[in-house]
Structures are given as structure tokens and as C-alpha cells.
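1. Test case, fold it:
(2 chains)
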Amino acid sequence: GAVVSQHPSRVICKSGTSVKIECRSLDFQATTMFWYRQFPKQSLMLMATSNEGSKATYEQGVEKDKFLINHASLTLSTLTVTSAHPEDSSFYICSALEPGGDTEAFFGQGTRLTVV
Amino acid sequence: AQSVSQHNHHVILSEAASLELGCNYSYGGTVNLFWYVQYPGQHLQLLLKYFSGDPLVKGIKGFEAEFIKSKFSFNLRKPSVQWSDTAEYFCAVSHSGNTGKLIFGQGTTLQVKP
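-> Numbers count the residues shown, from 1 in each chain, chains lettered A, B, ... in the order given. Sure thing, here's the model as predicted:
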């Protein structure tokens, strides 16, 4: 299957700083990527849909100014958590959709963010 | 609102036991259904998917699932589990035509004892 790489896998940052997480599709071009957040012992919650060359579409309740998404190329989407606070600590996972009709999404390995 | 519900949060089985994990969804319109598995420290991996056709879907590693439209269910089954099946299992739903936008269930932790 296709490979999606997420970087970094773990990051610890100080409260008030910003953190950038990268999501790359390694062997296919992805016009659409997705960002999810997973709280401990809970499910993955979709945060936003990242569209190459256009603005991201955010789910209800997700602060677009807090979670900046950029999809500048067909193989890279970035999620920047701005002015991070301890409540932003979570596991962030991206997925990339293969082009074509009804295809499956491939997931990155996730990024564990800890804000101290 | 769209939702996916997995019946079991934590399941413990002995090797060779049969497995059935329940999944029900609440979603209007035509849906695509998925089961993902996450082994410790690894990516989410697709076990199987249903888009259309035969409602009994066979996936990797001996897993299968049956889509019962009248019950809004997509239960995962395996006749004989192995220790290596120990993992987290997620049921997910998407609207047909938007397969990347997934609504996940809360997950089921499966622990298989050798």
C-alpha cells in the first residue's frame, strides 16, 4: 500500500510556542489530506480537510487560527499548532487520499504532542 | 449527527477463540465502511472495507465483516484469533464519494492471551 510519513513522531514544547507537524505522501500525489486528533482512550476526531492549493476545511468546533493547515504541494500538508497550551497535548494523525474514485486513505504514524 | 459506535471497549480472548467486534453507525445516505487496526507503535492499517456489492467482505489476516444495512451494522469477525492480533481496532464510516473523510468509532482494544 501507499506510504504516508508524519514528522516528528514526538514533540515536547513550551506553553505559548508553536509547533509544526508535517505529513507527506511518499509514493503518490495526494490532492486531499486529513488531520485527526486522538485523545487518550478515545477515538480519532476529524479536525480538518486539507486541499492542495486551497484553504483547508475545518470541522465544527476546531479553531482555524489555532490549527493552521497548509497544503502547498501534492505530497505535503502541514499542521501548525499556534500558541500551544497544555490542553492541546494530544496525538495528531494525518491521512492522505489516493487520487481517483472511491479509494482508501492511508495514515501516517501520528505525532504525540506534549505541551508543558 | 453522524456517529459510529463500537460495542466493546476492551476484549480479552485466548488464542484460537473466535472474535466478533460490533460496530453500528448512524449516517444518512450511502456509506462506505471500514475496519482499521493499529498494532502497538504502528500506523493505522486497513483491515477491510465495504463500498458496494457482496455485503460479506473478506480482509487481510483472516478477518471478515458483514454489512447489514437494515441494522446499520458492520461487525468484524475472525474464527480463530492469534496472539499477534493483539491491537486496537477501529470501525469507521464515510459518505460514499468522500472516502477520506472518516468518522471513527471509539475503538476496541483486543488482548489475546497465548
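2. check contacts around B:T86.
-> Contacts for B:T86 were tallied using CB atoms under 8 Å, 6 or more residues apart in numbering or on different chains; they are B:39-40, B:110-112. Heads up, the C-betas are built off the backbone N, CA and C, glycines and all.
3. rerun that using 10 Å as the cut-off
-> B:T86 makes contacts with B:12-13, B:39-40, B:109-114, as judged by CB atoms under 10 Å, 6 or more residues apart in numbering or on different chains.
4. same question, B:G100
-> Going by CB under 10 Å, 6+ apart, B:G100 touches A:30, A:32-34, A:46, A:49, A:95-98, A:103-106, B:94.
5. State the distance from the residue positioned nearest the centre of chain A to B:S14.
-> Nearest residue to the geometric centre of chain A (CA atoms, centre = their mean): A:W35, 3.6 Å. For A:W35, the distance to B:S14 under the criterion CB to CB, to the nearest Å works out to 38 Å.
6. Surely A:F107 touches B:V37?
-> No: with contact defined as CB atoms under 10 Å, A:F107 does not reach B:V37; the gap is 11.0 Å.
7. any common contacting residues for these two?
-> Each of B:43-46 lies in contact with both A:F107 and B:V37 under the rule CB under 10 Å, 6+ apart.
8. Would you check which of those residues are in contact with chain A?
-> Contacts with chain A are made by B:43-46 out of these, judged by CB under 10 Å from any CB of the partner chain.
9. pLDDT for those residues - can I get that in CSV?
-> Below are these laid out as CSV (pLDDT from 0 to 100):
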residue, pLDDT
B:H43, 82
B:L44, 88
B:Q45, 91
B:L46, 92
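10. quick one: which of the shared contacts of A:F107 and B:V37 is nearest chain A?
-> Nearest to chain A among these is B:L44, at 4.0 Å by CB to the nearest CB.
11. Just give the nearest non-adjacent residue to that closest one, would you?
-> Leaving out its chain neighbours, the residue that sits closest to B:L44 by CB to CB, 6 or more residues apart in numbering or on different chains is A:F107, at 4.0 Å.
12. What residues does chain B have near chain A?
-> Proximity of chain B to chain A (CB under 10 Å from any CB) is limited to residues B:1, B:4, B:6, B:9-10, B:32, B:34, B:36, B:38, B:41-46, B:49, B:51-52, B:88, B:90-92, B:94, B:96-107, B:109.
13. So how do I select the buried members of these in PyMOL?
-> Restricted to the buried members of these, where burial is judged by 16 or more other CB atoms under 10 Å in any protein chain shown, the PyMOL selection command reads as follows:
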select buried, chain B and resi 4+6+32+34+36+38+43+44+45+46+49+51+90+91+92+94+99+100+101+102+103+104+105+106+107
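14. any idea how far B:F104 is from the most centrally placed residue in chain B?
-> For chain B, the residue sitting closest to the mean C-alpha position, by CA atoms, centre = their mean, is B:W35 at 3.3 Å. Relative to B:F104, B:W35 is positioned 11 Å away (criterion: CB to CB).
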